[in-house]
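Asks: quick one, what's the 3D model for this:
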Amino acid sequence: MPCSFLIVDADRNFREALAISLRLDGYAVAVVESVEEGFSQLARGGSRCCVVDVHLPDAEALLDAAARAGVRAVMTGPYAELLVQFAHRHPGVQVLAKPFRVAELTCGCPTAAVSVERGGSGLRAASR
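Replies: This is a model prediction of the structure:
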């Protein structure tokens, strides 16, 4: 089953850039700017990974809810020391300090995308 991501971050530039990058790699992505919206999106289902900026109010509650729902929970933020403190309180949550590479987030997750390859006799579709 392909991965789908829910990105919860107040920084519009960050969440949109990450969403674009993930979409270009063939992933389904939902973006929201608040934890409240994150809870609503999580309740709708369909997300396999929830990426939350730890600086948002109630971010820990959303990460815990995602983990309880069987969704991979990932906390992000620019301060490694703060992330370490949160990681000790939430051992089941993955920590990624900003900036990070998209490959660190996707870590081999399957996509539903079909890529187009150029061959000697034209184009052909290839599943990822």
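
Asks: give the contact list for residue 102.
Replies: By Cβ atoms under 8 Å, 6 or more residues apart in numbering, the contact set of residue 102 is 18, 21, 22, 25. Yep, even glycine has a C-beta here, placed from its N, CA and C like the rest.

Asks: out of those, grab the one that's most surrounded.
Replies: Tallying neighbours with other Cβ atoms under 10 Å puts residue 22 at the head of the contacts of residue 102, with 24 neighbours.

Asks: if we can go back for a sec, pLDDT-wise, what's the bottom of the contacts of residue 102?
Replies: Within the set of these, pLDDT is lowest for residue 25 (90).

Asks: ok, now how distant is that residue from residue 19?
Replies: If you measure residue 25 against residue 19 using Cβ to Cβ, to the nearest Å, the figure is 11 Å.

Asks: you'd agree residue 33 is up against residue 13?
Replies: No - using Cβ atoms under 8 Å, residue 33 is not in contact with residue 13, being 11.5 Å away.

Asks: so which of these two has more stuff around it?
Replies: In terms of neighbours (other Cβ under 10 Å), residue 33 is the more surrounded of residue 33 and residue 13; the figures are 16 against 8.

Asks: list the contacts of that one.
Replies: 8, 9, 10, 12, 15.

Asks: can you put those residues in TSV and add distance to residue 97, neighbour count and secondary structure?
Replies: TSV is the format used below for the contacts of residue 33 (distance: Cβ to Cβ, whole Å; neighbours: other Cβ atoms under 10 Å; DSSP: H, G, I helix; E, B strand; the rest coil):
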residue	distance to residue 97	neighbour count	secondary structure
8	17	27	strand
9	14	25	coil
10	17	14	coil
12	20	10	helix
15	16	19	helix
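
Asks: since that was my last question, I'll sign off now.
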